[in-house]
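Peer 1: just the structure for this:
(one chain, ligands or ions: 1)
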Amino acid sequence: MLYEPLLFEISKPGRVGVALPDLDVPESPLPTEFLRTEEPNLPELSELDVARHFVRLSQKNYSVDSVFYPLGSCTMKYNPKVNEAAAAKPKFTATHPLQPEETVQGNLQLMFELQEMLKEISGFDGVSLQPAAGAHGEFSGVLTMRAYHLSRGDTKRTKMLIPDSAHGTNPASSAMSGFTVQEIPSDDRGNIDLDALKAACDDTVVGLMITNPNTLGMFEEHVEEVVKTVHDCGGLVYGDGANLNALMGIVRPGDLGFDVMHFNLHKTFSTPHGGGGPGSGPIGVSEALAPFMPGPIVAKDGEMYKLVTPEHSVGSVKAFYGNFGVMVRAYTYIRMMGADGLRAVSENAVLNANYMRVKLQDAYHVPFNRICMHEFVAEGDIIEGIHTMDIAKRLIDYGYHPPTVYFPLIVHEALMIEPTETESKETMDGFIDALHKIAEEAKTNPDLLHSAPHTTELGRLDEVQAARHPVLKYLG
Ligand SMILES: *Cc1c(COP(=O)(O)O)cnc(C)c1O
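Peer 2: A predicted model of the protein is given here:
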C-alpha cells in the first residue's frame, strides 16, 4: 500500500471500538462550565480498524528489533526484553515523585546501587543521575567545572578546548554554559594534535572536552599526556562517555585522570532510544568536583536511603529524580551482565568493529586505518560520481538501516559503522556482502544508487525540507 490512510480518513460515523462498562458509582455530572459545547472531532472506528492501522504503521519502522542498525557513535545495541519487564513492574510505575522518602525506599536503593555501579565501572568518586541525556550531562558537567573554578576564585577561565572530531553537542553545551570554544586539530593517526593542544593551554582554559575512543573509533594514544597537559595549565578534563561501550572492564576514565564524564545509559547500558528519547545522561565526577555536581543524589544513612544535595551543588537540572524508567533498565542490564559480562560486551564490540573494518577496507577507503575500538569510519565516495548518501540509500534496498553518514566532519564523505557486540557473524557478513555488492553496482549501474531507495514507499526525500518543515498534523 502506497499511502497509509489516517484514522480520520477511514472514520465512519457511528462506528464504535470500545465498550465502556456500566456505571457502578452514583452519577456525578461535571459543572456546566467544564462541558464542551461542540462535539469533539474524533475518528469513529472499530477496534479492528485501529489495531490494523497501528500494527501496519509499526511495521513501517526500521528498528533494532527488526533490522541491523549500525549507527556510529550512537550504540544501537539490542535492548534485552528483561529490561522492559523490570521497568514495567507496577511497584516502579505506580510510585509518585512526591511520595515521602520512607515509602519509596526500593526506588532509592536502586538509584543508590546504580550510582555505585557506575562509579565502579568508570573510576569516579561521585555520580549524579539527574541529567536526562548525554548532551544534558555535558551541560551539567560543564556547569560543575565552572562552579569548581569559580569556588577557587579562578575567574579568568572562559575557553573550552574541543577536538575537531567532537560530536556537535560538545561545543553546544560549552557555549550554553557561557564559554567560548577553541577547536583543536587531530593528527594523522586520529589523535589530538599534542602540539596544538600545548599551544592552546593557558590560564584561560576551563578544560578540554575529549571523547575517548573518539568519534573516529580511535583510542587516544597519548591520553595520559593530554590529561597532564590540561591539568598543568589548571584546566579540567571532561570526558564525553558516549563511547564507553569500547572500554568497560578494561579502562576506567577516572583512572586516566578525567575529572568529569557523562554516561549515556540509553546507549552503553541498553535502553531503547531514538526518535527523541527518553534518555539518561548521569555524570561521574572526581572527588574535587563532587561537592559541585547536580543534585539531589541518593545517599545511604544507616539502613535508610535518602535524597541529599551536594554542598555546593550547581542545583537541580531535571525535575524530581531524573528519568527513573531508564535507570531501572540500565540497572537491570548491569545486574544481568555482571562485571565479566560487561567486559565481554566491550571486547566483542571492538572485535566486531575490527572484523568489519578489515573485511570492507578493500572496497571502501578507511582514512584512519589502525586497530579501531567499537566503530570505524570509511568513505563512501568509492568512485567518481558516487557519494556516501547513495551508498546509504541503496543499503535500505538491501534491508539494512544505513550507518551514520557525514559525521565526523573531519572525514570527507564519512560512513561511520558501529556493529555493536550484539550482532552475530552471520548478520555482519550479510551487511559486508551488501556493501560489496553496492560497490560493484557503483561501477556497473551507478544510476541504481543515485535513485535509491527503490523498496520504500517514498524514494529519495528532500531531507532538509523534511527536517525543517515536517508535516505533522492532519490537514483534511
Ligand atoms: C550521542 C552522543 C552525544 C550526545 O548524547 P545524547 O544522549 O544523544 O544527548 C554526545 N557525544 C557523542 C560522541 C555521542 O555519540
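Peer 1: tell me which element residue 325 falls in.
Peer 2: helix 324-360 (DSSP states H and E).
Peer 1: after that helix, which helix or strand is next? Please name it.
Peer 2: Downstream of helix 324-360, the first helix or strand assigned by DSSP H and E is strand 376-379.
Peer 1: isn't residue 261 up against residue 243?
Peer 2: No. Taking contacts as Cβ atoms under 8 Å, residue 261 lies outside contact range of residue 243: 10.7 Å. Yep, even glycine has a C-beta here, placed from its N, CA and C like the rest.
Peer 1: so which of the two has more stuff around it?
Peer 2: residue 261 (32 against 27; other Cβ atoms under 10 Å).
Peer 1: so residue 145 makes contact with residue 237?
Peer 2: No. Contact criterion Cβ under 8 Å: residue 145 and residue 237 do not qualify, at 9.3 Å.
Peer 1: list residues touching both of those two?
Peer 2: Counting by Cβ atoms under 8 Å, 6 or more residues apart in numbering, the contacts common to residue 145 and residue 237 are 207, 259-260.
Peer 1: right, and residue 258 touches residue 240 too?
Peer 2: No. The criterion here is Cβ under 8 Å, and residue 258 misses it with residue 240 at 9.9 Å.
Peer 1: between these two, what contacts are shared?
Peer 2: Shared contacts of residue 258 and residue 240, counting by Cβ under 8 Å, 6+ apart, come down to residue 210.
Peer 1: give me the below-cutoff pLDDT ranges for the stretch 1-150 of the chain.
Peer 2: 1-2 (pLDDT under 70).
Peer 1: for the ligand, give me its nearest residue in it.
Peer 2: Closest contact between the stretch 1-150 of the chain and the ligand, by Cβ to the nearest ligand atom, is at residue 134 (2.3 Å).
Peer 1: state which strand of the protein is the longest.
Peer 2: strand 205-211 (DSSP state E).
Peer 1: buried residues in the helix or strand following that one?
Peer 2: Per DSSP H and E, the first helix or strand lying C-terminal to strand 205-211 is helix 223-232. Buried residues in helix 223-232, defined by neighbour count with 16 or more other Cβ atoms under 10 Å: 223, 226-227, 229-231.
Peer 1: just stretch 347-360 next, same as before
Peer 2: Neighbour-count burial for stretch 347-360, counted by 16+ other Cβ under 10 Å, picks out 348-350, 352-354, 356-357, 359-360.
Peer 1: does it reach the ligand?
Peer 2: No. Using Cβ under 6 Å from any ligand atom, stretch 347-360 stays clear of the ligand, with a minimum separation of 13.9 Å.
Peer 1: could you dump that stretch to CSV, C-alpha only?
Peer 2: What follows is stretch 347-360 as a C-alpha-only set of coordinates in CSV (Å, rounded to 0.1, in the frame of the first residue of the first chain):
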residue,chain,number,x,y,z
GLU,A,347,35.7,-6.9,23.9
ASN,A,348,33.1,-8.2,21.4
ALA,A,349,32.1,-4.7,20.4
VAL,A,350,35.7,-4.0,19.5
LEU,A,351,36.3,-7.3,17.8
ASN,A,352,33.1,-6.9,15.7
ALA,A,353,34.1,-3.4,14.5
ASN,A,354,37.6,-4.6,13.6
TYR,A,355,36.2,-7.6,11.7
MET,A,356,34.0,-5.3,9.6
ARG,A,357,36.8,-2.7,9.1
VAL,A,358,39.2,-5.4,7.7
LYS,A,359,36.5,-7.0,5.5
LEU,A,360,35.4,-3.7,4.0
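Peer 1: how about the residues of the stretch 201-350 of the chain near the ligand?
Peer 2: The stretch 201-350 of the chain has residues 211, 215, 240, 242, 264, 279, 281 near the ligand, with proximity defined as Cβ under 6 Å from any ligand atom.
Peer 1: and these, which is closest to the ligand?
Peer 2: residue 242 (3.2 Å).
Peer 1: and stretch 114-130, end to end?
Peer 2: One end of stretch 114-130 to the other measures 12 Å (Cα to Cα, to the nearest Å).
Peer 1: start at 841 instead
Peer 2: Sure thing, new numbering starts at 841, so read that last one as stretch 954-970.
Peer 1: and that stretch, how far from the chain's centre?
Peer 2: 18 Å (Cα atoms, centre = their mean, to the nearest Å).
Peer 1: in that stretch, what counts as buried?
Peer 2: Neighbour-count burial for stretch 954-970 [16+ other Cβ under 10 Å]: 954-955, 957-959, 961-964, 966-970.
Peer 1: in strands, which of these appear?
Peer 2: 966-968.
Peer 1: I'd like those residues written out as JSON lines, with distance to the ligand added.
Peer 2: Formatted as JSON lines, those follow (distance: Cβ to the nearest ligand atom, whole Å):
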{"residue": "966", "distance to the ligand": "20"}
{"residue": "967", "distance to the ligand": "16"}
{"residue": "968", "distance to the ligand": "15"}
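Peer 1: report the contact partners of the residue nearest to residue 1203 when sequence neighbours are not counted.
Peer 2: Distances taken as Cβ to Cβ, 6 or more residues apart in numbering place residue 1279 nearest to residue 1203, at 4.1 Å, with adjacent residues excluded. Contacts for residue 1279 (Cβ under 8 Å, 6+ apart) come out as 1203-1204, 1222.
Peer 1: of those residues, which is the nearest to residue 998?
Peer 2: residue 1204 (41.6 Å; Cβ to Cβ).
Peer 1: how about the closest one, phi and psi?
Peer 2: With angles defined as degrees, to the nearest 10, residue 1204 sits at phi -130, psi 120.
Peer 1: do you know how far it is from residue 889?
Peer 2: Counting by Cβ to Cβ, to the nearest Å, the separation of residue 1204 from residue 889 is 46 Å.
Peer 1: ranges for the strands of the chain?
Peer 2: 966-968, 999-1003, 1020-1024, 1045-1051, 1076-1080, 1100-1102, 1123-1125, 1137-1141, 1144-1148, 1216-1219, 1244-1245, 1254-1257.
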